[in-house]
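>>> Please find the sequence and the predicted model below.
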Amino acid sequence: MKSISTALLALVFAFTSMSQAQARNTPCSGKMGGLSHCSADGKFVCKNGKISQSKKTCH
């Protein structure tokens, strides 16, 4: 029983770590409020109205 609970805890930790890493690599994450839309020149526009500093482009 102890090994099952340890395995479940390890899985939860792994999924939490992956989602945090993914959030850091997403344009407009955190205080920017998320992605609103793409500008005409392919830049990410965040929900707070600011342009993301991401080097990636959107279409």
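Yep, it's here.
>>> Tell me where this structure has helices.
Secondary structure of the chain (DSSP state H): helices located at 2-24.
>>> for it, what are the low-confidence residue spans?
For the chain, the stretches flagged by pLDDT under 70 are 5, 7-25.
>>> quick one, what contacts Met32?
Applying Cβ atoms under 8 Å, 6 or more residues apart in numbering to Met32 gives the contacts Cys46, Lys47, Asn48, Lys50, Ser52. Using the backbone N, CA and C atoms, a C-beta is placed for each residue, glycine as well.
>>> Could you do Ser52 as well?
When contacts are counted by Cβ under 8 Å, 6+ apart, Ser52 touches Pro27, Cys28, Met32, Leu35, Lys43, Phe44, Val45, Cys46.
>>> Repeat the analysis, applying 6 Å as the threshold.
Shown in contact with Ser52 (Cβ atoms under 6 Å, 6 or more residues apart in numbering): Pro27, Cys28, Phe44, Cys46.
>>> For the third one, the count of nearby residues, please.
So the one you mean is Phe44. Here the number of neighbours of Phe44 (other Cβ atoms under 10 Å) works out to 21.
>>> and it, what are its bridge partners?
With DSSP bridges as the criterion, Phe44 is bridged to Cys38.
>>> wouldn't it be in contact with Pro27 here?
Yes: under the criterion of Cβ atoms under 6 Å, Phe44 makes contact with Pro27 at 4.0 Å.
>>> Give me the common contacts of the two.
Common neighbours of Phe44 and Pro27 (criterion: Cβ under 6 Å, 6+ apart): Ser52, Ser54.
>>> hang on, the earlier thing: now the contacts of Met32 as TSV including distance to Cys58?
Supplementary listing: the contacts of Met32 in TSV, determined by distance: Cβ to Cβ, whole Å:
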residue	distance to Cys58
Cys46	12
Lys47	14
Asn48	17
Lys50	15
Ser52	9
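>>> What count of nearby residues applies to Val45?
Using other Cβ under 10 Å, Val45 has 18 other residues around it.
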